[in-house]
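In: Structural data only, the sequence is not supplied:
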C-alpha cells in the first residue's frame, strides 16, 4: 500500500513538472510595468527620488533557432534630463522549468534631451528560479553594451508573487532593484545618465 501511494504521488509530481515544462514551450506573451524610485544622477543633477516608469513586452515561441523577442522602454526622469532608453533583445532559453536561464543579443538606444540619440549593441543574460506550488519566483537580468562613443550597463534583480495563476493568465506583483548607467563621450563632450533605485511592478503572462 505504501509503495502504491508513493508511486501515485511520484506520478502526480512528475505530471505537474511535465505540464509546466510543456506550457513554457507554447506561445507566450509577457507584459509588465515598473515604477522605479530613482535616486540616480544624470549629468550631475539628482533625480530627487522621482518615480521613473519602465514598460516591457516579451514574446516567446517554440520555433527552433528563432530567438524570442523582448522590448523595454524606460524613462530616466521627467524634470531634469528627460532621457529615455529603448531596449530591443533577441534571446534563447537555455533552461526553462523550475530554473530558467536566457542568453541573447540586443541593442539599447538612448534618446537624450534635445533628441540626441545613440545606439549601443549589447549582450543579455537572465537567470531565475521558481518555488513550485507557491507562486513565488526570483529573477536577475544583466544587459551590457558598448558603441562607438558610448557604453552602458543595466542590471536588475527581483522577486515576484503570482496572485493569479491559471491556464489562461498569470498575474504577479513584483519588487526589485535596478541600476542602469549610460556614459557618452562624443567629440570631447561627455554626458552620463544613471537610473538607480527600488521598484514595484506588475507582470502578466498570457
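Out: Perfect, thanks for sending it. The model shown is predicted, which means the values in this text are computed figures rather than measured ones.

In: May I ask which helix or strand encompasses the most centrally placed residue in the chain?
Out: When CA atoms, centre = their mean is applied to the chain, the residue found nearest the centroid is residue 141 (6.0 Å). Residue 141 is part of strand 136-146, with elements assigned from DSSP states H and E.

In: What strands line up against that strand, and which way round?
Out: strand 117-131 (antiparallel), strand 150-165 (antiparallel) (DSSP bridges).

In: Out of those, the one nearest residue 179 is which?
Out: Closest approach to residue 179 among these is made by strand 150-165 (5.6 Å; CB to CB). (Glycine included, C-beta is placed from N, CA and C.)

In: So in terms of bridging, what pairs with residue 160?
Out: For residue 160, the beta-bridge partners are residue 137, residue 174 (DSSP bridges).

In: Likewise for residue 31?
Out: So, taking DSSP bridges as the rule, residue 31 has residue 57, residue 204 as bridge partners.

In: coming back round to it: tally of neighbours for the nearest residue to the residue nearest to the centre of the chain once chain neighbours are set aside?
Out: Nearest-residue entry for residue 141: residue 126, 4.3 Å, with adjacent residues in sequence omitted and distances by CB to CB, 6 or more residues apart in numbering. When counting by other CB atoms under 10 Å, one arrives at 20 neighbours for residue 126.

In: picking up where we left off before, OK, contacts around the residue nearest to the centre of the chain?
Out: With contacts defined as CB atoms under 8 Å, 6 or more residues apart in numbering, residue 141 is in contact with 124, 125, 126, 154, 155, 156, 157.

In: Now, of the residues you listed, which are buried?
Out: Applying 16 or more other CB atoms under 10 Å to those, the neighbour count classes 124, 125, 126, 154, 156 as buried.

In: quick one: least confident helix or strand in this protein?
Out: helix 2-24 (a mean of 39; mean pLDDT, DSSP states H and E).

In: Does the residue nearest to the centre of the chain have any beta-bridge partners, and if so which?
Out: Beta-bridge partners, per DSSP bridges, of residue 141: residue 126, residue 156.

In: go on, residue 100?
Out: What pairs with residue 100, by the bridge criterion (DSSP bridges), is residue 96, residue 128.

In: my read: it touches residue 140, true?
Out: No: if you go by CB atoms under 8 Å, residue 100 and residue 140 don't touch, sitting 10.8 Å apart.
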